[in-house]
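In: Need a 3D model of the sequence below.
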Amino acid sequence: MSLSLEIELLRSFAVIAEARALSRAAERIGRTQSALSQQMKRLEDIVDQPLFQRTGRGVVLTNPGERLLIHAQRILRLHDEAMADLCGKGLSGSIRFGCPDDYAAVFLPALLRQFSSQHPHALVEVVCGPTPRLAEQLKKRALDLAMISLPEGTADDIIRREQLVWVGGPGMDSAHYDPLPLALSDPDTLDHIAACDALQLAGRAYRIAYASSSLAGLTALVRSGQAFAVITQTAVPADLCVLNADAALPALPRVGISLKFSRERPSLLTTAFAEHIRLTLPLL
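Out: The predicted structure follows:
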(Lines give C-alpha, C1' and ligand atoms only; values in the text may rest on other atoms or scores of the structure.)
Protein backbone atom coordinates (compact mmCIF):
# COMPACT_ATOMS: atom_id res chain seq x y z
CA MET A 1 0.00 0.00 0.00
CA SER A 2 1.42 3.37 -0.99
CA LEU A 3 1.82 6.04 1.70
CA SER A 4 1.02 9.72 1.30
CA LEU A 5 1.83 13.00 3.05
CA GLU A 6 -1.23 13.95 5.08
CA ILE A 7 -2.11 17.63 5.37
CA GLU A 8 -2.63 17.46 9.14
CA LEU A 9 0.82 15.92 9.66
CA LEU A 10 2.49 18.48 7.41
CA ARG A 11 0.77 21.36 9.21
CA SER A 12 1.96 20.13 12.61
CA PHE A 13 5.45 19.55 11.18
CA ALA A 14 5.62 23.13 9.83
CA VAL A 15 4.55 24.61 13.18
CA ILE A 16 7.15 22.58 15.10
CA ALA A 17 9.84 23.59 12.60
CA GLU A 18 8.99 27.26 13.12
CA ALA A 19 8.51 27.11 16.91
CA ARG A 20 11.69 25.00 17.34
CA ALA A 21 10.17 23.37 20.44
CA LEU A 22 7.39 20.82 20.94
CA SER A 23 6.03 22.71 23.96
CA ARG A 24 5.58 25.99 22.04
CA ALA A 25 4.16 24.16 19.01
CA ALA A 26 1.71 22.26 21.22
CA GLU A 27 0.41 25.54 22.70
CA ARG A 28 0.01 27.05 19.24
CA ILE A 29 -1.81 24.05 17.75
CA GLY A 30 -3.84 23.16 20.83
CA ARG A 31 -2.53 19.60 21.14
CA THR A 32 -0.48 17.81 23.76
CA GLN A 33 3.25 17.30 23.29
CA SER A 34 2.64 13.55 23.33
CA ALA A 35 0.14 13.83 20.46
CA LEU A 36 2.59 15.93 18.44
CA SER A 37 5.40 13.46 19.08
CA GLN A 38 3.20 10.63 17.82
CA GLN A 39 2.32 12.64 14.70
CA MET A 40 5.99 13.29 13.95
CA LYS A 41 6.88 9.63 14.50
CA ARG A 42 4.19 8.74 11.99
CA LEU A 43 5.49 11.31 9.50
CA GLU A 44 9.06 10.04 9.89
CA ASP A 45 7.79 6.50 9.23
CA ILE A 46 6.04 7.69 6.05
CA VAL A 47 9.13 9.43 4.63
CA ASP A 48 11.51 6.87 6.17
CA GLN A 49 13.82 9.66 7.29
CA PRO A 50 14.64 11.32 10.65
CA LEU A 51 13.16 14.84 10.49
CA PHE A 52 14.18 16.32 13.86
CA GLN A 53 17.19 16.26 16.12
CA ARG A 54 16.39 16.95 19.76
CA THR A 55 18.68 19.30 21.70
CA GLY A 56 18.67 20.77 25.17
CA ARG A 57 17.02 23.92 23.80
CA GLY A 58 14.34 22.24 21.69
CA VAL A 59 14.45 20.62 18.27
CA VAL A 60 16.29 21.38 15.03
CA LEU A 61 15.58 20.04 11.57
CA THR A 62 17.78 17.39 10.03
CA ASN A 63 18.80 17.73 6.39
CA PRO A 64 15.79 15.64 5.26
CA GLY A 65 13.64 17.77 7.55
CA GLU A 66 14.86 20.99 5.91
CA ARG A 67 14.03 19.55 2.50
CA LEU A 68 10.58 18.39 3.61
CA LEU A 69 9.82 21.81 5.09
CA ILE A 70 10.24 23.44 1.67
CA HIS A 71 7.74 21.00 0.18
CA ALA A 72 5.40 21.21 3.18
CA GLN A 73 5.14 24.99 3.03
CA ARG A 74 4.34 24.86 -0.69
CA ILE A 75 1.77 22.07 -0.26
CA LEU A 76 0.05 23.79 2.68
CA ARG A 77 -0.15 27.12 0.85
CA LEU A 78 -1.73 25.54 -2.22
CA HIS A 79 -4.06 23.42 -0.09
CA ASP A 80 -5.29 26.42 1.90
CA GLU A 81 -5.75 28.51 -1.23
CA ALA A 82 -7.81 25.74 -2.82
CA MET A 83 -9.99 25.29 0.28
CA ALA A 84 -10.57 29.03 0.57
CA ASP A 85 -11.50 29.29 -3.10
CA LEU A 86 -13.77 26.26 -3.28
CA CYS A 87 -15.30 26.27 0.21
CA GLY A 88 -15.41 29.98 0.92
CA LYS A 89 -12.99 29.60 3.83
CA GLY A 90 -10.66 32.41 4.76
CA LEU A 91 -11.26 36.14 4.81
CA SER A 92 -10.64 38.52 1.95
CA GLY A 93 -10.02 42.24 1.69
CA SER A 94 -7.18 44.50 2.77
CA ILE A 95 -6.01 46.23 5.93
CA ARG A 96 -3.31 48.79 6.71
CA PHE A 97 -1.11 47.67 9.58
CA GLY A 98 1.42 49.88 11.37
CA CYS A 99 4.54 48.45 13.00
CA PRO A 100 7.79 49.89 14.43
CA ASP A 101 10.88 49.05 12.38
CA ASP A 102 12.52 46.89 15.05
CA TYR A 103 9.45 44.68 15.45
CA ALA A 104 8.86 44.52 11.70
CA ALA A 105 12.31 43.12 11.00
CA VAL A 106 12.06 40.40 13.67
CA PHE A 107 8.40 39.41 13.91
CA LEU A 108 6.59 40.30 10.70
CA PRO A 109 7.90 37.57 8.36
CA ALA A 110 6.45 34.77 10.51
CA LEU A 111 3.27 36.68 11.40
CA LEU A 112 2.44 37.49 7.78
CA ARG A 113 3.37 34.06 6.44
CA GLN A 114 1.12 32.23 8.90
CA PHE A 115 -1.79 34.65 8.43
CA SER A 116 -1.51 34.38 4.65
CA SER A 117 -1.75 30.59 4.86
CA GLN A 118 -5.05 30.93 6.75
CA HIS A 119 -6.43 33.80 4.64
CA PRO A 120 -4.77 33.63 1.22
CA HIS A 121 -7.09 36.25 -0.28
CA ALA A 122 -6.35 38.86 2.41
CA LEU A 123 -3.88 41.68 1.81
CA VAL A 124 -1.96 43.24 4.71
CA GLU A 125 -0.31 46.54 3.78
CA VAL A 126 2.48 47.31 6.25
CA VAL A 127 3.47 50.84 7.28
CA CYS A 128 6.62 51.17 9.42
CA GLY A 129 7.40 54.04 11.77
CA PRO A 130 8.05 54.97 15.42
CA THR A 131 5.17 54.43 17.85
CA PRO A 132 4.24 58.15 18.17
CA ARG A 133 3.95 58.49 14.38
CA LEU A 134 1.83 55.33 14.20
CA ALA A 135 -0.43 56.67 16.95
CA GLU A 136 -0.95 59.82 14.90
CA GLN A 137 -1.94 57.77 11.86
CA LEU A 138 -4.34 55.70 13.96
CA LYS A 139 -6.10 58.88 15.07
CA LYS A 140 -6.44 59.94 11.44
CA ARG A 141 -7.68 56.43 10.58
CA ALA A 142 -4.88 56.14 8.04
CA LEU A 143 -4.17 52.76 9.67
CA ASP A 144 -6.59 50.04 10.72
CA LEU A 145 -4.35 48.46 13.33
CA ALA A 146 -0.91 49.13 14.81
CA MET A 147 1.60 47.32 16.99
CA ILE A 148 2.97 49.88 19.42
CA SER A 149 5.46 50.16 22.28
CA LEU A 150 4.34 51.17 25.76
CA PRO A 151 6.34 51.95 28.94
CA GLU A 152 6.88 49.10 31.38
CA GLY A 153 4.13 49.01 33.98
CA THR A 154 1.43 50.30 31.64
CA ALA A 155 -1.97 48.80 32.43
CA ASP A 156 -2.86 48.25 28.77
CA ASP A 157 -3.14 44.80 27.22
CA ILE A 158 0.54 43.84 26.84
CA ILE A 159 1.14 40.77 24.66
CA ARG A 160 4.94 40.70 24.85
CA ARG A 161 7.74 42.56 26.64
CA GLU A 162 11.10 43.54 25.16
CA GLN A 163 14.30 44.69 26.87
CA LEU A 164 15.88 47.95 25.71
CA VAL A 165 19.66 47.62 25.32
CA TRP A 166 22.67 49.81 24.64
CA VAL A 167 24.23 48.98 21.28
CA GLY A 168 27.67 49.79 19.90
CA GLY A 169 30.00 48.70 17.15
CA PRO A 170 32.73 46.07 17.68
CA GLY A 171 35.50 47.41 19.88
CA MET A 172 33.61 50.55 20.96
CA ASP A 173 34.13 51.32 24.66
CA SER A 174 31.65 53.80 26.11
CA ALA A 175 34.10 54.78 28.87
CA HIS A 176 36.32 56.44 26.24
CA TYR A 177 33.62 58.98 25.31
CA ASP A 178 32.80 62.13 27.23
CA PRO A 179 30.16 63.22 26.52
CA LEU A 180 28.60 59.97 25.25
CA PRO A 181 27.53 60.35 21.59
CA LEU A 182 24.06 58.97 20.92
CA ALA A 183 22.14 57.98 17.78
CA LEU A 184 18.48 58.02 18.78
CA SER A 185 15.05 57.99 17.26
CA ASP A 186 12.47 60.80 17.56
CA PRO A 187 12.50 62.69 20.90
CA ASP A 188 9.06 61.37 21.90
CA THR A 189 9.94 57.67 21.40
CA LEU A 190 10.55 55.33 24.34
CA ASP A 191 14.14 54.48 23.35
CA HIS A 192 15.06 58.18 23.21
CA ILE A 193 13.35 58.98 26.50
CA ALA A 194 14.79 55.91 28.27
CA ALA A 195 18.35 56.66 27.16
CA CYS A 196 18.25 60.30 28.23
CA ASP A 197 16.48 59.62 31.54
CA ALA A 198 18.91 56.82 32.48
CA LEU A 199 21.99 58.90 31.67
CA GLN A 200 20.69 61.96 33.49
CA LEU A 201 19.87 59.86 36.57
CA ALA A 202 23.38 58.37 36.47
CA GLY A 203 24.96 61.80 36.03
CA ARG A 204 26.57 60.77 32.74
CA ALA A 205 27.14 63.51 30.16
CA TYR A 206 25.80 62.83 26.67
CA ARG A 207 24.99 64.53 23.40
CA ILE A 208 22.54 63.65 20.62
CA ALA A 209 25.00 63.19 17.79
CA TYR A 210 22.58 61.78 15.22
CA ALA A 211 18.84 61.33 14.84
CA SER A 212 16.96 58.92 12.62
CA SER A 213 13.37 57.68 12.68
CA SER A 214 14.34 54.36 11.05
CA LEU A 215 16.12 51.35 12.53
CA ALA A 216 18.28 51.06 9.40
CA GLY A 217 19.44 54.64 9.86
CA LEU A 218 20.31 54.13 13.54
CA THR A 219 22.22 50.91 12.97
CA ALA A 220 24.13 52.47 10.07
CA LEU A 221 25.25 55.28 12.38
CA VAL A 222 26.36 52.80 15.04
CA ARG A 223 28.30 50.81 12.44
CA SER A 224 30.18 53.98 11.55
CA GLY A 225 31.65 53.93 15.07
CA GLN A 226 30.49 57.48 15.78
CA ALA A 227 27.66 56.86 18.25
CA PHE A 228 25.81 54.44 20.52
CA ALA A 229 22.11 53.59 20.20
CA VAL A 230 19.27 52.15 22.27
CA ILE A 231 16.99 49.56 20.62
CA THR A 232 15.10 46.42 21.62
CA GLN A 233 17.34 43.42 22.21
CA THR A 234 15.60 41.17 19.68
CA ALA A 235 16.30 43.70 16.91
CA VAL A 236 20.08 43.98 17.44
CA PRO A 237 21.86 42.97 14.20
CA ALA A 238 24.45 40.20 14.48
CA ASP A 239 27.35 42.54 13.62
CA LEU A 240 26.62 44.95 16.50
CA CYS A 241 27.26 44.48 20.21
CA VAL A 242 24.85 44.60 23.15
CA LEU A 243 26.53 46.66 25.89
CA ASN A 244 24.18 46.18 28.85
CA ALA A 245 27.01 44.59 30.86
CA ASP A 246 29.05 47.79 30.41
CA ALA A 247 29.49 49.26 33.91
CA ALA A 248 29.82 52.76 32.40
CA LEU A 249 26.26 52.61 31.06
CA PRO A 250 23.13 52.72 33.25
CA ALA A 251 20.42 50.05 33.20
CA LEU A 252 17.52 50.46 30.79
CA PRO A 253 13.86 49.47 31.22
CA ARG A 254 11.74 47.04 29.28
CA VAL A 255 8.91 48.08 26.99
CA GLY A 256 5.60 46.36 26.35
CA ILE A 257 4.10 45.54 22.96
CA SER A 258 0.39 46.18 22.51
CA LEU A 259 -2.14 46.46 19.69
CA LYS A 260 -4.36 49.46 18.97
CA PHE A 261 -7.30 49.72 16.57
CA SER A 262 -8.28 52.92 14.78
CA ARG A 263 -12.00 52.15 15.12
CA GLU A 264 -14.17 50.95 17.98
CA ARG A 265 -15.70 48.38 15.65
CA PRO A 266 -12.87 47.10 13.43
CA SER A 267 -13.55 44.96 10.38
CA LEU A 268 -13.65 41.18 10.68
CA LEU A 269 -10.34 40.92 8.81
CA THR A 270 -8.66 43.46 11.12
CA THR A 271 -9.96 41.64 14.20
CA ALA A 272 -8.76 38.30 12.82
CA PHE A 273 -5.25 39.67 12.18
CA ALA A 274 -5.10 41.18 15.68
CA GLU A 275 -6.13 37.88 17.24
CA HIS A 276 -3.53 36.07 15.14
CA ILE A 277 -0.84 38.43 16.46
CA ARG A 278 -2.00 37.99 20.08
CA LEU A 279 -1.79 34.22 19.78
CA THR A 280 1.45 34.03 17.80
CA LEU A 281 3.67 36.90 18.99
CA PRO A 282 4.40 35.51 22.48
CA LEU A 283 5.72 32.32 20.86
CA LEU A 284 8.14 33.95 18.38
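In: isn't Leu190 right next to Leu164, touching?
Out: Yes - at 7.4 Å, Leu190 counts as touching Leu164 under the criterion of C-beta atoms under 8 Å. Just so you know, the C-beta spots here come from the backbone N, C-alpha and C atoms, and that holds for glycine as well.
In: who's more crowded, those two?
Out: Neighbour totals were compared for Leu190 and Leu164, and Leu190 leads with 25 against 22 (other C-beta atoms under 10 Å).
In: check contacts around that one.
Out: Neighbour list for Leu190: 131, 149-151, 164, 255 [criterion: C-beta atoms under 8 Å, 6 or more residues apart in numbering].
In: With distance to Ala216 added, can I get the residues you listed in CSV?
Out: Compiled in CSV, these are given as follows (distance: C-beta to C-beta, whole Å):
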residue, distance to Ala216
Thr131, 17
Ser149, 18
Leu150, 24
Pro151, 25
Leu164, 18
Val255, 20
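In: Mind giving me the PyMOL select for those residues, buried ones only?
Out: Restricted to buried positions by 16 or more other C-beta atoms under 10 Å, the PyMOL selection for these reads:
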select buried, resi 131+149+150+164+255
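In: Closest one to Pro237 out of the contacts of Leu190, please.
Out: Leu164 (15.7 Å; C-beta to C-beta).
In: Helix, strand, or coil at the residue lying closest to the closest one once chain neighbours are set aside?
Out: With sequence-adjacent residues excluded and distances taken as C-beta to C-beta, 6 or more residues apart in numbering, Leu164 is closest to Leu252, at 4.1 Å. The three-state assignment at Leu252 reads coil, by DSSP: H, G, I helix; E, B strand; the rest coil.
In: where does the stretch 1-150 of the chain have low pLDDT?
Out: Scanning the stretch 1-150 of the chain for pLDDT under 70 picks out 1-2, 81, 84-85, 87-89.
In: just to revisit the earlier point, what do Leu190 and Leu164 both touch?
Out: Val255.
In: Which parts of the helix or strand hosting Trp166 count as buried, going by neighbours?
Out: Assigned by DSSP states H and E, Trp166 belongs to strand 160-168. For strand 160-168, burial by neighbour count (16+ other C-beta under 10 Å) applies to 160, 162, 164-168.
In: ok, now which ones touch Ala26?
Out: Taking C-beta under 8 Å, 6+ apart as the test, what Ala26 contacts is 32-33, 35-36.
In: could you check the distance from it over to Gln39?
Out: Distance, Ala26 to Gln39, by C-beta to C-beta, to the nearest Å: 11 Å.
In: Pretty sure Thr270 sits against Phe261.
Out: Yes - Thr270 is in contact with Phe261 according to C-beta under 8 Å; the separation is 6.8 Å.
In: Looking at those two, which is more packed in?
Out: Neighbour count, other C-beta under 10 Å: between Thr270 and Phe261, Thr270 has more, with 22 against 16.
In: A helix includes the more buried one, no?
Out: Yes - when three-state DSSP is applied, Thr270 is found to be in a helix.
In: Please report the distance of it from Ser116.
Out: Taken as C-beta to C-beta, the span from Thr270 to Ser116 is 15 Å.
In: What sits closest to Ser212 if chain neighbours are left out?
Out: Nearest non-adjacent residue to Ser212 (C-beta to C-beta, 6+ apart): Leu218, at 5.1 Å.
In: burial count for the one you found?
Out: Around Leu218 there are 26 residues (other C-beta under 10 Å).
In: re the thing from before, out of the contacts of Leu190, which are inside strands?
Out: Residues of those located in strands (DSSP state E): 149-151, 164, 255.
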